[in-house]
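>>> Predicted structure and sequence below. I'll ask about it afterward.
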Amino acid sequence: MLPSHLRWQDNQDVAFADPSHNAFGDVYTEESLQSNYMFTPDLDTPPATYPFAADIQTALLRTRYSYNKYVIHRPCIFKALHHPESMTREDAEGAAECLKASVKWPIALSPPCTNKRLVPIAFFWSQNLLGVLILLHLSQQHPMLGRIRSSLCGQRFDVEASQTVTVYLDWLRDMKKIDSTANWCWNIARLVYQLDD
């Protein structure tokens, strides 16, 4: 169990944790609490700043949680892709959980995305963001994943998936200049999403 100041709801992983505990001192300043969300996919708005890189630390914790949910349910995606005729309701729900766990990872959202170079093991995140980009693309192309996406992922999933694609592509586009792994990932994502360099 996480301490109360680090807890969040599964369906609100971009929202603030309860700031009343004040574990890090005055981490959540009045300026940053004007929004209900600690992380946003809007990369054009000037990001809030947090002392002690609290945004990056929180983003890493929440992203690792989402990543683990994604990995746990990924075998259901394999089954949907390779053995759709033997899918059960439980398999379809697992595939939907994998898709939902892959969207809007806080590490790629603002404000942490403005300090990507401070994120440890960036090559790991670049590779996993590419994997999610490929999965989201497949979920629009493959008939079984398309049905799962439209029927089990919820009404807002298409909007969240679109925002996810935008921010994950932005991560790779930005990191390709300094990281050869991100450059390799960008070249693949660029072909999958038919983008210019």
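Thanks, I have the structure now. Residues are numbered from 1 along each chain as shown.
>>> quick one, what contacts Leu136?
With contacts defined as CB atoms under 8 Å, 6 or more residues apart in numbering, the neighbours of Leu136 are 99, 102-103, 161, 164-165. For every residue, glycine as well, the C-beta is placed using N, CA and C.
>>> Please compute how far stretch 68-81 lies from its chain's middle.
Centroid displacement of stretch 68-81 relative to its chain, using CA atoms, centre = their mean, to the nearest Å, is 16 Å.
>>> and for it, what are the contacting residues?
Contacts for stretch 68-81 (CB under 8 Å, 6+ apart): 86-87, 91-95, 97-99, 101-102, 132, 135, 138, 142, 144-145, 148.
>>> Which of the contacts of Leu136 sits closest to Ser66?
Ranked by distance to Ser66 (CB to CB), the contacts of Leu136 are led by Ser102 at 7.5 Å.
>>> Could I have the buried ones of the contacts of stretch 68-81 as ChimeraX selection syntax?
Burial among those is assessed by 16 or more other CB atoms under 10 Å; the matching ChimeraX selection reads:
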select :87,91,92,94,95,97,98,99,101,102,132,135,138,142,144,145,148
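>>> Now, the contacts of stretch 68-81 that are in helices?
Secondary structure of those is defined by DSSP state H; positions in helices are 91-95, 97-99, 101, 132, 135, 138, 144-145, 148.
>>> Can you tell me which of those is closest to Leu191?
Within these, proximity to Leu191 (CB to CB) peaks at Leu138, which comes in at 14.2 Å.
>>> wait, that closest one sits on Met144?
No. In terms of CB atoms under 8 Å, Leu138 does not count as a neighbour of Met144; the distance is 10.0 Å.
>>> contacting residues for the residue nearest the centre of the chain?
To find the centre residue of the chain, average its C-alpha atoms and take the closest one (CA atoms, centre = their mean): that gives Trp105, at 2.0 Å. In this structure, Trp105 makes contact with 62-63, 66-67, 129, 132, 164, 168, judged by CB under 8 Å, 6+ apart.
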